[in-house]
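Participant: Sequence and predicted structure, then a few things I'm wondering about:
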Amino acid sequence: MSRLPARGSLRIRLLAGTVCWIAVSIAVAGWGLSSLFRRHVELQFHAGLQTHLDQLTAHLALDGQGRPTLGAPLSDPRLRRPYSGLYWQVDVLDGGERAQPASIGVLRSRSLWDDVLIVPPDDPADGRVHRHRLAGPNDSRLGMIERAVRIDDDAAVGGRRFRLVVAADEKLMIEPVARFDGALWLALGVLGGGLIVAALVQVVVGLAPLRRLRVALAQVRDGDRQTLEGAFPAEVMPLVEEFNSVLAHNAAVVERARTQAGNLAHALKTPLSILANATAGRDDEFSRLVVAQVNSASRQVQYHLARAQAAAAVGVPGARTPLQPVVDGLLRTMRRLHAARALELRLSSPAAAVFRGEEQDLQEMLGNLLDNACKWARSRVEVDVGQDGQSVILCVDDDGQGIDATARAAVLRRGARADQQTPGSGLGLAIVDDLAQLYGGHLQLDDSPLGGLRARLTLPAAR
Amino acid sequence: MRILLIEDDAMLQKQVLAGLRSAAYVVDTADNGVDGHHLGDTSPYDAVVLDLGLPRLDGLSVLRRWRAVGRDMPVLILTARDSWHEKVAGIDAGADDYLTKPFHMEELLARLRALIRRAVGHASSELRCGPLWLDTRNGRATVDGQALVLTGHEYRLLAYLMHHRERVISRSDLVEHLYAQDFDRDSNTVEVFIGRLRKKLPPGLIETVRGLGYRLTAPT
């Protein structure tokens, strides 16, 4: 059976769509969560700087000599650990150029050790807070905030101005973000993997009815079932029902074709009988002509009737015929029709095989073979039924005189007869071979172990 | 021997009727299933020739009805339907033989003879009773090799007795099997024909069994 090229796959289509959607969703969610967290950490970072700056501002005072001093130490212990990443510094602004402090680092956190923070030139208004990034000790990058404050001093008109700087290593901000991102992408990866597995399961489970449909169709094609059977989802059911109605329609067409062919043959044969009988007992040229033409016409009717009926049936899916009842029925019939011969007719072993095709066609083939064997047998006819893989093999043996090996091919030709003496149209074996070939089988003639002819019929088996 | 012929085609019925009569059978005819069934149901026949495609009641149904009530006379189906599927159905409905159209009259007659013979348990087409031989194939009767010259009625009577030899046959049996349905039976009484037949046969072959009927028996 030829296969049409498939255009895409439902499974791949569903899977690809789902996987794309999952990937995009997870990427967007990851990016969003990561940004949120980064922003949160940044805010925390700057809030921390701000707190320290506020503390610094609060504690800054002037001592008796007008030098800046801290009223109390700042609380964060990191400010006392050298190069801990968190620093503060106080520059003296007044007296110098604009934005150029007169003295840098007059007061520093202990964590700065010997370093000073070189703040970019800037001159914020009093009380305003500015942010900068700058290089810190040990090649670190620092985020810092500064604030200019004016402290009233009796010794100086207008008070003294200081720049208060708090800085922190940006690593304090980057590291948690990196850790969070690592954990986040791991979690999202697991989630994505889980979703894809779920989608895969869903596709397989969701498409399972289609696979069942395919199995059911194969059963119909192999003749195991007459129609598509089983419960299918509502989306597939209309397809199943349509297909079943097509099958039913096919069967009806075949039945009608058979009936019509049969009616035509019936209508022709009665006039042919009358013509033949009208010439009975006469032996002139006209009578001989009539007899010859009547015989020819009835042979044609029989041949084409058999072919038309079989051709109508071949290709109808779902036909299956168990052999045993057919063989039994034909043996009963043969015993009656050939009762005068007192033949021993038997089936060598029970026939369990099933023919993939119409019962009537099997009867026609086996009937002709048995009838032929009964005509020629001296005393015995044996039927043997076997199965060989995909084929049913029917052997009909007789103990008659057989057919010469050279004449066998001729017997299978339409209308040929091995012997004109025995009644019959001479079409029997040729029709059997024709029908068998319509079903993809064949008829083979051999010598029989019983001494006569063995007709070996090979036909497709149904599972 | 009395035959029932059920065939709906008038021309074919006429031909078969002529063929059967020329073979010395007494024949009743019907051209539809209902009448045919009634005849076969009510009268004794030695054989029936039955078409399948009949008006009013098809042949297979007629046959099945007879068999269902135990009518077991031999039935030969004569039909155009020649597929094995139909032959199996015919035989399974209770037919004894199956002949398809177009057919030769000789073959029909040969098969009828065989059916009638087998129905009463004879294997050979030549029947023998002491010095008397009857060849049913050609209707020839001989006594010690000498051919008998018989009329149609005498032949039918002799053939019936030969088929049922060594058995007592009642007068009414003979009447049923030797005359057609529409025959005026009073004008040709069985006794007259028995008397004529006795004159042509060796004495003692046909016995009269008082009160019961006749018996054809070989002299001991």
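Facilitator: Yep, that arrived. Values in this document were obtained by computation on a predicted structure and should not be read as measured data.
Participant: C-alpha only now, for contacts and for neighbours.
Facilitator: Noted.
Participant: low pLDDT regions in chain B?
Facilitator: B:123, B:182-188, B:220 (pLDDT under 70).
Participant: List, one by one, the residues from chain A near chain B.
Facilitator: Where chain A comes near chain B, counting by C-alpha under 8 Å from any C-alpha of the partner chain, the residues are A:262, A:265-266, A:269-270, A:272-274, A:276-278, A:280, A:298, A:306, A:329-330, A:332-333, A:336-337, A:340, A:360, A:363-364, A:367-368.
Participant: Next step: the residues you listed restricted to helices.
Facilitator: Using DSSP state H, A:262, A:265-266, A:269-270, A:272-274, A:276-278, A:298, A:306, A:329-330, A:332-333, A:336-337, A:360, A:363-364, A:367-368 are the members of the residues of chain A next to chain B that sit in helices.
Participant: what about A:Leu268, neighbour count?
Facilitator: The burial metric for A:Leu268, expressed as a neighbour count using other C-alpha atoms under 10 Å in any protein chain shown, is 17.
Participant: does A:Val301 really touch A:Asn263, like I thought?
Facilitator: No: judged on C-alpha atoms under 8 Å, A:Val301 makes no contact with A:Asn263 at a distance of 11.4 Å.
Participant: Please work out which residue of chain B is closest to chain A.
Facilitator: Closest approach between chain B and chain A, counting by C-alpha to the nearest C-alpha: B:Pro102, at 4.1 Å.
Participant: ok, that residue touching B:Ala80?
Facilitator: Yes: when contacts are counted by C-alpha under 8 Å, B:Pro102 is listed as touching B:Ala80 (7.2 Å).
Participant: Now for these two: what residues contact both?
Facilitator: A:269-270 (C-alpha atoms under 8 Å, 6 or more residues apart in numbering or on different chains).
Participant: can you list the domain ranges for chain B.
Facilitator: In terms of domains, chain B is parsed into B:2-119, B:126-216 (source: automatic domain parsing).
Participant: Of these, flag the one that's most buried.
Facilitator: Scoring these by mean neighbour count under mean count of other C-alpha atoms under 10 Å in any protein chain shown gives domain B:2-119 as the most buried, with a mean of 20.
Participant: how far out from the middle of the chain is the lengthiest helix in chain B?
Facilitator: Once chain B is assigned using DSSP H, the helix that runs over the most residues is helix B:105-119. Offset of helix B:105-119 from its chain centre (C-alpha atoms, centre = their mean, to the nearest Å): 9 Å.
Participant: swap in stretch B:116-127?
Facilitator: With C-alpha atoms, centre = their mean as the basis, the mean position of stretch B:116-127 lies at 12 Å from the chain mean.
Participant: neighbouring contacts of that stretch?
Facilitator: Taking contacts as C-alpha under 8 Å, 6+ apart, the residues outside stretch B:116-127 that touch it are A:340, B:46-47, B:73-74, B:113-114, B:133-137, B:162-164.
Participant: Could you list the contact residues of chain B toward chain A?
Facilitator: B:9, B:11-12, B:15, B:80-81, B:83-85, B:87-88, B:91-92, B:96-98, B:101-105, B:114, B:123.
Participant: Before we go further, the residue of chain B closest to chain A is sitting in a strand, right?
Facilitator: No: under DSSP: H, G, I helix; E, B strand; the rest coil, B:Pro102 falls outside any strand and is assigned coil.
Participant: Could you report the distance from it to A:Gln444?
Facilitator: Noted for B:Pro102: a distance of 30 Å to A:Gln444, by C-alpha to C-alpha, to the nearest Å.
Participant: hang on, the earlier thing: just the residues of chain B next to chain A: which are in helices?
Facilitator: B:11-12, B:15, B:84-85, B:87-88, B:91-92, B:105, B:114.
Participant: Can I get the buried ones among the residues of chain A next to chain B as something I can paste into PyMOL?
Facilitator: Provided next is the PyMOL selection string for whichever of the residues of chain A next to chain B are buried by 16 or more other C-alpha atoms under 10 Å in any protein chain shown:
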select buried, chain A and resi 262+265+266+269+270+272+273+274+276+277+278+280+298+306+329+330+333+336+337+360+363+364+367+368
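Participant: quick one: average pLDDT of the host helix or strand of A:Ala257?
Facilitator: Using DSSP states H and E, the element containing A:Ala257 is helix A:237-278. Across helix A:237-278, the average pLDDT comes to 84.
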